[in-house]
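*Asks:* whatever this is, show me its structure:
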Amino acid sequence: MLLWKELALEVASYCCTSADRDLKTVTARYENEGDSFLTITLPNFGKDFERSLDRGTVERDLFAGFGWQAGLPRLFSGFLAQIFDRNTGVLLDVPNIEAIRAVRQLTLMFGKIDLPCSKERVRKALQGYVQCEKEVEVANSRLLGNPVDSEDFRRVSRLLFGSVLNEVQQKLLDGEYLPKHGPGATADYLVGNQKYGSDTWPIRLEPYFPFLENVVSSWNLMSMRDQLDGIDFLEPGRELPVRVITVPKTLKTPRIIAIEPTAMQYTQQAIMRLIVDAISGHPAMNRIVGFDDQEPNQLLAKEGSSSGELATLDLSEASDRVSIQHVKDLLYHHPYLFGAVMACRSSKAVIPELKNKTLQLRKFASMGSALTFPIEAMVFATCCYIGIERELRNQLEPGHYKWQGEMHGGTVHKFSRVVRVFGDDIIIPKEFVQSVVVTLETFGFKVNHAKSFWTGKFRESCGREYYAGEDVSLVRVRNVFPERLTDVDEIQSMVSLRNQLYLAGYWRTVNWLDSRIRKILKYFPTVLESSRVLGRVSFLGYEAERVESDNLQRPLVKGYVVKAKIPANKVREDRALTKCLLMLESRDKSSSSSTGVDEKHLERSGRPSHADIKLRWCSPF
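*Replies:* Got it, this is the predicted structure:
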């Protein structure tokens, strides 16, 4: 509340209004309702505010639970009156951009703080996961009963991705792929180097990823019999299911992910990298589908907010609604690739928090599979193009990716210029919104209308928000404040929050935060963003406190550095060579000559179990 108060007073001064009444209201409701007011109720206000910007008016079906005064909610009325007409609630011709940014900052800043949900909310989310599975099955049946939709999907996906999927399939056939163990948890509870010593292998992987070619480093080191000794080749009925868990997302609802078995995760990474590399290397496809760079989506969202010609769409439960049938149609013309994808797909899920309830999965995969992100992006892009075709009532021509006719001021725009998909963040021309939304829902997806924008001047995509071409993004509080020096995660989060607020121009609030941070960090130097030191970022640059030596003349500052301790975790001797060879191949495929590999990576590995803060003399940049 102290942080919120400081920020409210500061943004009020920027908008030439008073936040005194707002502060009294928020304080009173926080005392009565607790954290949920800041983390759930106020963010709901912020979402309704965004919906009002999109509608162009404040309407009574929004802002539930808040009092009204004339045509506006009473809370934040000093800010809202600079955006909407006080009596009618209609959006002003020239609203105050600073007031828009202020309302979003004050209402949404605690919406994604890392706090655990209540057991009731977790259980409700998991029950929703089960219900989603039933809805996917219904959508599958509907698609199977409508061959026209499947035919369109197969044709358009081939038009868009045929060449890149040909490349991926050929590399799989030629054995030109590189499996990889990810850093995350596994369903069989193996971590770090333990993954290289896994002694189970699903038998259905063998036709596409033979155990002896992908796990064993060399047949010459020992006999094939010795290599296979103790390996349990699992029939489908004995395979481990994915383990469904929840992780913090918002206090209102958790994020649901599925932890994959080691062997599945290992082979999924191989196909994922082939797909990502193939699409990234194709100029037109790289403009349509993004995997690593969010900036193109953000720039298009900015353009859409300014011109009004581009819409931003968001999907609910996006990855959980991609079905086996979608993937089958996507890869219809690439049967070997489809076989490999399905071979490394887990077919069952267990939910420990629902009394170990086990599901036979109809969805392709949940978040947690390495293939979820690239597959869903291609599926959503295909749906968008089908929607565009149906609006035009004309099929797209191979290799052109454009529509014929006078659009947008008489110019002909290529689709790769105005259609972009990054995960479930979708950008399309406004003219095709209704058709694309209907198409997405026809194929079993849910458009999140609360986070999709196309009628007003507000747009959001990939973590950035814009109004009329102006950036109105906010700074979010991600963690609770630390109380002592051992609260490493909280200290890092607080320093990051301080620096984000500084760069956003909230300098009064930053001064207050600095005083809080100094109570825990005795040394808090001014550094550049690239420095390892937990320090203050400044537009004036770093402040050196001493020079390392007369010869080097390297500037140094005294400050705290986070030191993460990687747990001891030795790789089995017969699998150590496998890890080293995979790392060498990965380095050869990388453009960078230096990999920064830990010299003791065969003795310790995995995500750090804990981190410490050490006081050091270090570089300020």
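*Asks:* what sits against Thr442?
*Replies:* Asp149 (Cβ atoms under 8 Å, 6 or more residues apart in numbering). From N, CA and C alone the C-beta is placed, and that goes for glycine too.
*Asks:* do you know the pLDDT at it?
*Replies:* With respect to pLDDT, Thr442 scores 94.
*Asks:* can you tell me how far it sits from Val148?
*Replies:* 10 Å (Cβ to Cβ, to the nearest Å).
*Asks:* can you list the buried residues in the longest strand along the chain?
*Replies:* Counting by DSSP state E, the longest strand found in the chain is strand 555-565. For strand 555-565, a neighbour-count test (16 or more other Cβ atoms under 10 Å) marks Leu556, Val557, Lys558, Gly559, Tyr560, Val561, Val562 as buried.
*Asks:* show the pLDDT at the second one.
*Replies:* This points to Val557. For Val557, the predicted pLDDT is 94.
*Asks:* so which of the buried residues of strand 555-565 comes closest to Ser316?
*Replies:* Val562 (36.0 Å; Cβ to Cβ).
*Asks:* spit out the contact partners of that closest one.
*Replies:* Val488, Gln492, Arg532, Leu534, Ala611, Asp612, Ile613.
*Asks:* quick one: distance of the helix or strand following the longest strand of the chain to the chain centre.
*Replies:* Using DSSP states H and E, the helix or strand that directly follows strand 555-565 along the chain is helix 573-589. Put simply, helix 573-589 sits 29 Å off its chain's centre (Cα atoms, centre = their mean, to the nearest Å).
*Asks:* how is the chain carved up into domains?
*Replies:* The chain breaks down into these domains under automatic domain parsing: 2-100, 120-188+240-467, 525-618.
*Asks:* just the ones you listed: most buried one?
*Replies:* Here the criterion is mean neighbour count by mean count of other Cβ atoms under 10 Å, and of the domains of the chain the winner is domain 120-188+240-467, at a mean of 19.
*Asks:* partner residues bridging the closest residue to Gly304 other than its chain neighbours?
*Replies:* Closest residue to Gly304 apart from its sequence neighbours, by Cβ to Cβ, 6 or more residues apart in numbering: Leu310 at 3.1 Å. When bridges are called by DSSP bridges, Leu310 pairs up with Pro429.
*Asks:* when you give positions from now on, start the count at 86
*Replies:* In the new numbering, first residue 86, that becomes Leu395.
*Asks:* flag the shaky bits of the stretch 386-535 of the chain, pLDDT-wise.
*Replies:* The model of the stretch 386-535 of the chain has pLDDT under 70 over residues 483-499.
*Asks:* just the helices in it please.
*Replies:* Assigned by DSSP state H, counting those that start in this stretch, the stretch 386-535 of the chain shows helices spanning 409-415, 420-428, 457-477, 500-503, 518-527.
*Asks:* to Leu582, which of these lies closest?
*Replies:* Set against Leu582 and scored by Cβ to Cβ, the helices of the stretch 386-535 of the chain come closest in helix 457-477, at 27.8 Å.
*Asks:* that closest one - contacts with which helices or strands?
*Replies:* Judged by 3 or more Cβ pairs under 8 Å, 6 or more residues apart in numbering; DSSP states H and E, the packing partners of helix 457-477 are helix 232-258, helix 347-365, helix 409-415, strand 505-507, strand 510-514, helix 518-527.
*Asks:* which helices and strands sit right next to the fourth one?
*Replies:* I take that to be strand 505-507. helix 368-373, helix 380-392, helix 457-477, strand 510-514.
*Asks:* and those: which comes nearest Phe134?
*Replies:* Per Cβ to Cβ, nearest to Phe134 of those: helix 380-392, 15.4 Å.
*Asks:* kindly export that closest one (C-alpha atoms) in PDB.
*Replies:* The C-alpha trace of helix 380-392 is given here as PDB (Å, rounded to 0.1, in the frame of the first residue of the first chain):
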ATOM      1  CA  GLU A 380       9.300  -6.900 -31.200                       C
ATOM      2  CA  PRO A 381       7.600  -7.300 -34.600                       C
ATOM      3  CA  ASN A 382       4.300  -8.000 -32.800                       C
ATOM      4  CA  GLN A 383       4.800  -5.000 -30.600                       C
ATOM      5  CA  LEU A 384       5.500  -2.700 -33.500                       C
ATOM      6  CA  LEU A 385       2.400  -4.000 -35.400                       C
ATOM      7  CA  ALA A 386       0.300  -3.400 -32.300                       C
ATOM      8  CA  LYS A 387       1.600   0.200 -32.100                       C
ATOM      9  CA  GLU A 388       0.800   0.700 -35.800                       C
ATOM     10  CA  GLY A 389      -2.600  -0.800 -35.300                       C
ATOM     11  CA  SER A 390      -3.300   1.600 -32.400                       C
ATOM     12  CA  SER A 391      -2.300   4.500 -34.600                       C
ATOM     13  CA  SER A 392      -4.000   3.700 -37.900                       C
END
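*Asks:* thanks again, I'm all set now.
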